[in-house]
Structures are given as C-alpha cells and as structure tokens.
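Colleague: Quick one: sequence and predicted model below, then my questions.
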Amino acid sequence: MWYFENKSIHWFKILINLFFYKRNIFNNMKKSVLFYGFMLFAFSTTAQTLIKGKIFNMQGPNAASWDLVDNKQQFITAKADHKDLVNITDSIDLPAFKKTFKSYNSTHFVKVENIVAPTYASLESTFNAGKYTSSIENTAVGDIYVAKIRETKSFALIKITLIKDDGKSKRNGGDNNDYIEFEYTVFANVDTHAAFNDGLTLFKKGDFINASSKFKQAANDDPKNHEAYYYIGLCKAELGDHAAAITAFTKAIDIKPNYTAAYSKRGISEGKEGSRDEAIADYTAAIKLDSSYAEAYQNRAHELFLLSRYDESIKDYSRVIALQPDNFQAYFGRGLSKAEFGKHEEAIQDYTKAIALYPNFTYAYFYRGFSQSHLEKYDEAIKDFNKAIQLDPNDHTAYFNRAYTKRMEGDYEGALKDYNKCIALKPGFEDGYYQKANTLYLMGDKEAATTEFNNAVTKFPTEAAAYTNRGFFYMNIKKDKEAMDDFNKALSLDPNDAEAYRLRGILKNEIKDKDGACADLAKAVTLGDNEAITLQKDICKK
C-alpha cells in the first residue's frame, strides 16, 4: 500500500476544552420548557423565596435536572455546571424509578432534621458540621436537606414533597413519566459578602476582569475566604492566564485542604500549561475527596488520553458514564480512547450512543467515519463524513477524510473534488496538496501528479514533508536521482525526519547501497519509526 494511503487519515481535530470552561456546542439547540419553578412570595432583602420544582426520570419526555441558581429545569443538552439536582433513572433501570438525586457540579448535600426558623448562619453551621456528599440516595417524602449551592455563598433548604412512581414499564402500561417534587428556599449572606456577591454577578455576565477585582477585594476583606481565591482562579482561567489561575487555586486549597472543586479546576489549568502529571494528581485528589465527582473523572480521562494511556482513560470515561448516563461527551471521549487502542468496533458503538444523545454532534460523526474507514466500511464512513460536512460545511478535515474514503472505493474523481474543496477551505493545509497529487498519480496522470507535487514544494519550500512526499513519488516512477535529492533536502530541513531516513534507506537498498541503506534504517529506528524495524530485519540481518 502506498505510504500516502497509510497516512491519509489523521487525527486533525484537536479536542481542546470539550469539557472545560466556556466551550458551548449547544448554541443552536432548541430549548424546551417542559417543567417549571414558580415563586410563592415576592423577593426582598429580608424575606426568603420559596420555590417549587419537579424532576422526571431521564428516559421520559420531560427534564431530569434542576438548576438551583436559575431556579429552572435543565435538559440533557445543558452544561453539567448547571445541573444541581439530577434524577439518574436510565433505560436500564426501568421500570424501577430511582429515588436518587445526584449533583453534576460542585453542589453538595447534608441530610438534616427539620430546622425551625432557618437562617443563613444556621444553614451554614449545619452544613459545615455534617457529612456532605454530592448525591442524595433513596430519598422519601418529608426528607429535608441543606445544599451548599456550587461554590457560591448560598445555601438551599430542600424538602421532598411528592414522589410519583407507577412502578410500570411503558410496555406494561406505565407512562414513563415518574417524578419527584420538592420545594426549597435559598439563603444568601448578601450583607456580609457584598464584594464577593458583586463579583459573582459580574462573573455570570462574563465580565471576568472586573469580577476578578471584586473577588480580590473580598479576599482582602477576609484573607481566609477560600471561595474568593477560587473565583479569582476561575476568572484568570477564563482570561487565559492559567499560571495565575493555578496560584489562586493553590491559595484556596491552602486555606481549605479538602476543597474538591479547587483541585479539579487547578487540574484544568495545569493541563492547559502542559503539566499533565500535575493535572492528573489534582484530579485524583478531587476523586479521593469525592468518589462521585464526575468532572474530575472526565478531565482525568482527557489527560490520560493525551498521554496515550488509553486503557486508563477508558476506565475513567466508563466511570463518568456510570455517574452520568446522559453525558454524551463521555461516550465520545471513550470512543476516541478505544479507537486509539485499536478497538474501532467498540468505538463506533460509543460514537453512536453520543449521537443518540446529541444528534448534531459533528465530532462524533467525523470520528465514527474515521473508525468506519479504518474497518474498510467505506460506504458507512462516507455517510458519516457527509453528515459532518452538512453540520459544518467549512470543516476542511471532513472533506480530506471523505476524499480518502472515496479514493479507497475507486471514486478518484470524487476524491479529487474533495481534495480541491479541502485546499480551498484551508490553503495552508499541506496534506491536501500531497494527497491530491497522489490521487492524480493513481488516476494514471503522472504529468499532472508531477505538476501538483512541484506546486506543493513551491508553496511549502521550507517543509521537509513536501520533499519527502515528492521523493517517494519519484521512487515509484523510477526517478531515483530526483528521489534521492528530495530525501537529502528533506533531511537538511529536518534532521529528525524518521520517515525520510526510512524511505532513503529503501532507495539505497534498491540501488545496491546496502551499507547506506542499513545506516539510514538504523537511524529511522532510533527516531521511533516502527516500519523501519521490519525493514531493518529484512534487509540488514541477512
């Protein structure tokens, strides 16, 4: 098989911030309104507000999550940061209805007896004195909980008021519409934390510079205010200053050593700085503090993937899925790890599940197409690339990979059109030119292929790959001198180009220079070229 064929599909999409901070892939989704929250009393600075909510199981037509900050429903497409209460009943559980809430963010709960005349101070004291967790198991009508809402200065007093469970599957006459009703009151210490709350308001508006100033003021007012430093870290991270974010998160952890969210967020910034081992250590610390903290598992899985530790990455993504069965990003991430591990059939299953949860997930179609192509299921691969292009018509890599797949099916004209489209969308994308030239050669047009390779060298005169690709083309059309000149030029531009050493070694062997061939193959092996190992055994060990 041609070298170009082997190298035609690449992992060109860089998956940055699929899970972190402000990346929002849901901008064009429909926002349904299927369940409610309503106010019973007008808000004032002295009177508290009683709010009622309802959460359904996640397999029915209604929403399974509740947002304690915005006091409204959240559906599967909402970011995990907004899901304070989630009922985790999934299809595998039905007809049983799990009477369990789980937080998908940093909200935590403490079960309490009834609190007479609750105040902010009494809720804060009760919460701090209790053993808090990110989940509420086997809840019953009348149960009462104090919730620390994310990393805000707010607490909620929650009471379960009704549980509707028909105990039937849909097949047996059930309506798949079981739910839990609750009511709650939010208590915020707005008087003694004015600067901090001003910072929160600015933070929610996306004004991270001024929000950071307010949080710094709050930290100056109270040097032991770990949450002020935490939010300084969030602001710095949003502004791209991850070194400053790490410093702020570290200060928060120094003040509060069991600060789960701070470990997780510091891990994110460490990952951004390339400190992957430190990031993994922080995610592990967060998990030790809260074994159900899905964000930490998901972010650790991402770092393990980037370190090529795919088996460990798969285990972490599986843990996320167990905690959050509706997390399409976790299925997608696990699919990527399985594909890199060579488990393409399993990867396709995960991509398919991600698509079922989020039908407009462009990346899932793209990478499912990649795995289909790897398994030589070219018709299915083309369908997936078609869908990826439909969702993102400006994605040059989707055209590039569809072109390869068409070429493998013998549709050279279709491949050529896709390579041209890829180049038009991304004129600086070198591989598009090389593969277009290769396609012309496969079509039998050596002259056009030569012209295209020459154009690539003219366009990218300082790129070793341009000469390596043209050199291999010359090898195949028996222009050995021109091929040797190109390999030499490639190595003068990049002395660590293992591929150029391997190909030059093959050429030297063909022109009866065995010693030179073995020297080049040995160099390619030392540079990590696995293909050179087999060639070295075949050529040099005889």
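Modeller: Here it is on my side, so go on.
Colleague: quick one, what contacts E137?
Modeller: With contacts defined as CB atoms under 8 Å, 6 or more residues apart in numbering, E137 is in contact with T100. Every C-beta, even on glycine, is put in place using the N, C-alpha and C of the backbone.
Colleague: What of D384?
Modeller: Contacts for D384 were tallied using CB under 8 Å, 6+ apart; they are 365-366, 368-369, 372.
Colleague: mind checking pLDDT for it?
Modeller: We have a pLDDT of 97 for D384.
Colleague: for N189, same thing?
Modeller: On pLDDT, N189 comes in at 66.
Colleague: for the one 4 residues further on, same thing?
Modeller: In this prediction, H193 carries a pLDDT score of 74.
Colleague: again, but for A117
Modeller: pLDDT recorded at A117 is 82.
Colleague: In three-state terms, label it for me.
Modeller: For A117, the assignment made with DSSP: H, G, I helix; E, B strand; the rest coil gives coil.
Colleague: quick one: I209 and R266, what's the gap?
Modeller: Noted for I209: a distance of 21 Å to R266, by CB to CB, to the nearest Å.
Colleague: Neighbour-wise, which one of the contacts of D384 leads?
Modeller: Scoring the contacts of D384 on neighbours with other CB atoms under 10 Å, the highest-scoring entry is R368 at 30 neighbours.
Colleague: That residue contacts K353, correct?
Modeller: No: with contact defined as CB atoms under 8 Å, R368 does not count as touching K353 (10.6 Å).
Colleague: which ones are touching K102?
Modeller: K102 sits in contact with 85-86, 88, 134-136, 292, 323-324, where contact means CB under 8 Å, 6+ apart.
Colleague: Distance to L162, secondary structure and pLDDT for those residues - can I get that in TSV?
Modeller: Output for the contacts of K102, formatted as TSV (distance: CB to CB, whole Å; DSSP: H, G, I helix; E, B strand; the rest coil; pLDDT from 0 to 100):
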residue	distance to L162	secondary structure	pLDDT
L85	15	strand	87
V86	18	strand	87
I88	19	coil	75
S134	24	coil	87
S135	20	strand	84
I136	15	strand	83
S292	26	coil	92
L323	26	helix	94
Q324	25	coil	94
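Colleague: how many neighbours does the nearest residue to I321 once chain neighbours are set aside have?
Modeller: Nearest non-adjacent residue to I321, counting by CB to CB, 6 or more residues apart in numbering: A330, 5.0 Å away. By other CB under 10 Å, the residues close to A330 number 28.
Colleague: Show the contacting residues for A330.
Modeller: Contact analysis of A330 by CB under 8 Å, 6+ apart lists 298, 301, 317, 320-321, 324.
Colleague: from these, which two are the most distant?
Modeller: A301 and Q324 (12.5 Å; CB to CB).
Colleague: So which of those two has more stuff around it?
Modeller: A301 (29 against 25).
Colleague: My guess is that one contacts L336. True?
Modeller: No: counting by CB under 8 Å, A301 does not reach L336; the two are 9.7 Å apart.
Colleague: In the stretch 301-450 of the chain, what residue spans correspond to helices?
Modeller: With DSSP state H, counting those that start in this stretch, the ranges of helices along the stretch 301-450 of the chain come out as 310-323, 328-340, 344-357, 362-374, 378-391, 396-408, 412-425, 430-442, 446-459.
Colleague: Could you dump those helices into TSV with distance to H242 added?
Modeller: Putting the helices of the stretch 301-450 of the chain into TSV (distance: least, CB to CB, whole Å) gives the following:
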stretch	distance to H242
helix 310-323	22
helix 328-340	21
helix 344-357	28
helix 362-374	24
helix 378-391	31
helix 396-408	27
helix 412-425	31
helix 430-442	30
helix 446-459	35
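Colleague: Which one, of those, ends up nearest to E238?
Modeller: helix 328-340 (19.7 Å).
Colleague: Quick one: mean pLDDT over that closest one.
Modeller: 97.
Colleague: Low-confidence stretches in the stretch 101-250 of the chain?
Modeller: For the stretch 101-250 of the chain, applying pLDDT under 70 flags the ranges 169-176, 189-192.
Colleague: switch the cut-off to 80
Modeller: Low-confidence segments of the stretch 101-250 of the chain, defined by pLDDT under 80: 114, 116, 151-153, 166-177, 188-193.
Colleague: Identify each of the helices in it and give its residue range.
Modeller: Assigned by DSSP H, counting those that start in this stretch, the stretch 101-250 of the chain shows helices spanning 120-129, 194-204, 208-221, 226-238, 242-255.
Colleague: Output the contacting helices and strands for the first one.
Modeller: The elements that helix 120-129 packs onto, with contact taken as 3 or more CB pairs under 8 Å, 6 or more residues apart in numbering; DSSP states H and E, are strand 108-112, strand 144-148, strand 154-164, strand 179-188.
Colleague: hang on, S106 packs against A262?
Modeller: No: S106 is beyond contact range of A262, at 9.4 Å (criterion: CB under 8 Å).
Colleague: the more surrounded of the two?
Modeller: A count of neighbours by other CB under 10 Å puts A262 above the other of S106 and A262, at 30 against 24.
Colleague: Pull the number of nearby residues for A500.
Modeller: A500: 30 neighbours (other CB under 10 Å).
Colleague: can you offset everything so residue one is 41?
Modeller: Sure, I'll start counting at 41 from here, so that last one is A540.
Colleague: For it, which three-state class applies?
Modeller: The three-state label given to A540 by three-state DSSP is helix.
Colleague: Find the nearest non-adjacent residue to it, please.
Modeller: Nearest to A540 is A530, by CB to CB, 6+ apart, at 4.2 Å.
Colleague: just M483 next, same as before
Modeller: Leaving aside its sequence neighbours, M483 sits nearest to Y452 (CB to CB, 6+ apart; 4.8 Å).
Colleague: Mind listing what's buried along stretch 294-308?
Modeller: For stretch 294-308, burial by neighbour count (16 or more other CB atoms under 10 Å) applies to 295-296, 299-308.
Colleague: and the end-to-end length of that stretch?
Modeller: 18 Å (CA to CA, to the nearest Å).
Colleague: Please work out which residues outside it touch it.
Modeller: Outside stretch 294-308, the residues touching it (CB under 8 Å, 6+ apart) are 60-61, 146, 190-191, 264-266, 269-270, 273-274, 277, 285-286, 289-290, 292-293, 318-323, 325-326, 329-330, 333, 335-336, 339-340, 343.
Colleague: same thing with stretch 329-336?
Modeller: Identification of contacts with stretch 329-336 by CB under 8 Å, 6+ apart yields 59, 120, 142, 144-146, 148, 173-175, 298, 300, 303-304, 307, 323-324, 326-327, 359-360, 363-364, 367.
Colleague: chain center to that stretch, what's the gap?
Modeller: 17 Å (CA atoms, centre = their mean, to the nearest Å).
Colleague: Mind listing what's buried along it?
Modeller: Neighbour counts using 16+ other CB under 10 Å place 329-330, 332-336 of stretch 329-336 among the buried residues.
Colleague: How about the contacts made by L543?
Modeller: Residues in contact with L543 (CB under 8 Å, 6+ apart) are 43, 508, 511-512, 515, 527.
Colleague: quick one on the thing from earlier: so which of the contacts of stretch 329-336 are in strands?
Modeller: If you go by DSSP state E, the contacts of stretch 329-336 have 142, 148, 175 in strands.
Colleague: returning to what we had before: save the contacts of D424 as TSV, and put in pLDDT too.
Modeller: Output for those, formatted as TSV (pLDDT from 0 to 100):
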residue	pLDDT
Y405	97
F406	97
R408	98
G409	97
Q412	97
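Colleague: could the residues you listed be laid out in a markdown table, adding distance to G207?
Modeller: Output for the contacts of D424, formatted as a markdown table (distance: CB to CB, whole Å):
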| residue | distance to G207 |
| --- | --- |
| Y405 | 39 |
| F406 | 42 |
| R408 | 38 |
| G409 | 43 |
| Q412 | 42 |
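Colleague: Tell me the one of the residues you listed nearest N434?
Modeller: Comparing the contacts of D424 against N434 with CB to CB places F406 closest, at 13.2 Å.
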